[in-house]
Every structure is written in C-alpha cells, then in structure tokens.
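> pasting the structure only:
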C-alpha cells in the first residue's frame, strides 16, 4: 500500500512483524520526521511496557494480542490526529496510562 493512501479499515495484529499495519497519511510537517521504523519501535516499547507492567503470566497470548492491537490502534490514531510531535507522544502516553489503569482495576475486581 502506498504511504499516502488512506484506509479506515483496521487489519488487526500482524504477529509476524512489529510494524504498524494501517496505512497513514503524512499531511503535517512533523509527521515526515517520524520514520516508520521509529513508529514501530515505539509500538513495540509500549507493548513491552504493557505486558511487563502487569502480573500477566508469560505466554498469555490473548493479553499480548490485546496489548498489540490496542497499541497499534492508539499509535495510528495519535499519528493521524496530533498537530505536532509533542502532542503525538502525549496522546500515546495518556492512552497507555489509561489502559494500564483499566487492566489493574479489572485485576482487582477479579480477586
């Protein structure tokens, strides 16, 4: 797919690669400074933080897939919506924090 082609369809996780699987547009100057490699690295770091910050068992594929789907989605959304790089990182951090809190609350309710 061409980088400039828009698609509103989310293709789900590609577990064979760490790359973000949605096509994106780069209409804003700051977006051209963030490479796909950097975006993929950010997604992987967020997934690692999400899966290691909980007491999830190692090998819990369902949780790992949920974390990967969520992270890819919020990264893409933040990249498309943010007006600058600072806002992009802030949006991702905020969503990751809220996701972690939700997982903690669910864990407490299960006890």
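The structure has been received and is ready for your questions. It should be emphasised that the depicted structure is a prediction, and the values quoted were computed from it without experimental measurement. Numbering: from 1, shown residues only.

> Now do the contacts for the residue nearest the centre of the chain.
For the chain, the residue lying nearest the average C-alpha position, counting by Cα atoms, centre = their mean, turns out to be residue 71 (2.1 Å). Shown here is residue 71, whose contacts under the criterion Cβ atoms under 8 Å, 6 or more residues apart in numbering are 43, 46-47, 50, 96. Just so you know, the C-beta spots here come from the backbone N, C-alpha and C atoms, and that holds for glycine as well.

> Check what pLDDT it gets.
If you check residue 71, the pLDDT there is 93.

> longest single helix anywhere in this structure?
If each helix of the chain is counted by residues according to DSSP state H, the longest one is helix 85-110.

> Tell me the helices and strands packed up against it.
With contacts defined as 3 or more Cβ pairs under 8 Å, 6 or more residues apart in numbering; DSSP states H and E, the packing partners of helix 85-110 are helix 36-52, helix 61-81.

> That helix vs helix 36-52, what angle?
In this structure, helix 85-110 runs at an angle of 20 degrees to helix 36-52, with axes from the mean of the first three to the mean of the last three Cα atoms, to 10 degrees as the basis.

> got the buried residues for helix 85-110?
For helix 85-110, the neighbour count (16 or more other Cβ atoms under 10 Å) marks 88, 91-92, 95-96, 99, 103 as buried.

> From residue 110, how far out is residue 42?
Per Cβ to Cβ, to the nearest Å, residue 42 is found 30 Å from residue 110.

> ok so, going back, from the buried residues of helix 85-110, pick the one nearest residue 29.
Proximity of the buried residues of helix 85-110 to residue 29 was ranked by Cβ to Cβ; the top entry is residue 88 with 12.5 Å.

> ok, the closest one - contacts?
30, 34, 78-79, 82.

> which of these are buried?
With neighbours counted using 16+ other Cβ under 10 Å, the contacts of residue 88 contain these buried positions: 78-79, 82.

> Output the residues you listed as CSV; include the columns pLDDT.
Supplementary listing: the buried ones among the contacts of residue 88 in CSV, determined by pLDDT from 0 to 100:
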residue, pLDDT
78, 95
79, 95
82, 95
